[in-house]
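Visitor: Build me a model from this:
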Amino acid sequence: MLALVGGYFLIFLARVADVSMATMRMLFLVRGKRFYAAGIGIFEVTIYVVALKYVVDRLSDPVSLICYALGFATGNIVGSFIEEKVALGQVTVQVITLREPLELAEALRTAGFGVTVTEGQGRDGSHPILNLSFPRKQLGIVQQMVNDWDANAFVVVHEARTTHGGFCHYRRKGK
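Guide: Predicted coordinates:
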């Protein structure tokens, strides 16, 4: 009995692992890191085939299929959680605030972020648009700064596949 329950648990864990790896592999591919994706893919497909073989060998046992499906669903959740914590890549952020936008740009620059100000034409006239590009790991810092400055600011966050050149000075932890 213990071996049977252990088998179900291993099926579940194998699917959680391989689907989480699939999530990370796809993110690496989207960000142009194909060799990292290939490395993850080797482990992902190995785990997948082993788990699938175990389930196929026991097709008459519906519990193993349920554990396989639950592992897949849980793997999606775990993979997205890992991706959120790892926060790979760069983002580009546009900020439109009606509350002293040039002073906010200066505050962001003081915090170590490069800010480019452009002029945008809106319904109520022209407004400065603050444009920033930085590692996604620092998105929370910028969002908090903007929210503290103006909770009603309009903020757009774009994933940046690649960036090149420009001002990139980021304050490191502990400085």
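
Visitor: Can you list phi and psi of residue 59 for me?
Guide: Here is the backbone geometry of residue 59 (degrees, to the nearest 10): phi -60, psi -20.

Visitor: Count the neighbours of the closest residue to it other than its chain neighbours for me.
Guide: With sequence-adjacent residues excluded and distances taken as C-beta to C-beta, 6 or more residues apart in numbering, residue 59 is closest to residue 65, at 7.6 Å. Heads up, the C-betas are built off the backbone N, CA and C, glycines and all. A count of nearby residues for residue 65, using other C-beta atoms under 10 Å, gives 15.

Visitor: Averaged pLDDT, the host helix or strand of residue 65. What do you get?
Guide: Per DSSP states H and E: residue 65 is located in helix 62-86. Across helix 62-86, the average pLDDT comes to 91.

Visitor: what about stretch 83-99, distance to the chain center?
Guide: Offset of stretch 83-99 from its chain centre (C-alpha atoms, centre = their mean, to the nearest Å): 11 Å.

Visitor: can I have it written out in CSV, keeping just the CAs?
Guide: Output in CSV follows, covering the C-alpha atoms of stretch 83-99 (Å, rounded to 0.1, in the frame of the first residue of the first chain):
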residue,chain,number,x,y,z
GLU,A,83,8.8,32.9,-12.7
GLU,A,84,7.4,35.7,-10.7
LYS,A,85,10.2,35.3,-8.0
VAL,A,86,13.0,35.0,-10.6
ALA,A,87,11.7,38.0,-12.6
LEU,A,88,13.9,37.5,-15.6
GLY,A,89,14.4,40.2,-18.2
GLN,A,90,13.8,43.8,-18.7
VAL,A,91,10.7,46.0,-18.6
THR,A,92,9.9,49.3,-20.1
VAL,A,93,7.6,51.5,-18.1
GLN,A,94,5.6,54.6,-19.1
VAL,A,95,4.3,56.9,-16.4
ILE,A,96,1.8,59.7,-16.9
THR,A,97,1.1,61.7,-13.8
LEU,A,98,-0.5,65.1,-13.5
ARG,A,99,1.2,65.7,-10.1
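
Visitor: Tell me the buried residues in the helix holding residue 65?
Guide: 64, 67, 68, 71, 72, 74, 75, 78, 79 (16 or more other C-beta atoms under 10 Å).

Visitor: Ok, stretch 32-50 next?
Guide: 33, 36, 37, 40, 41, 44, 47, 48.
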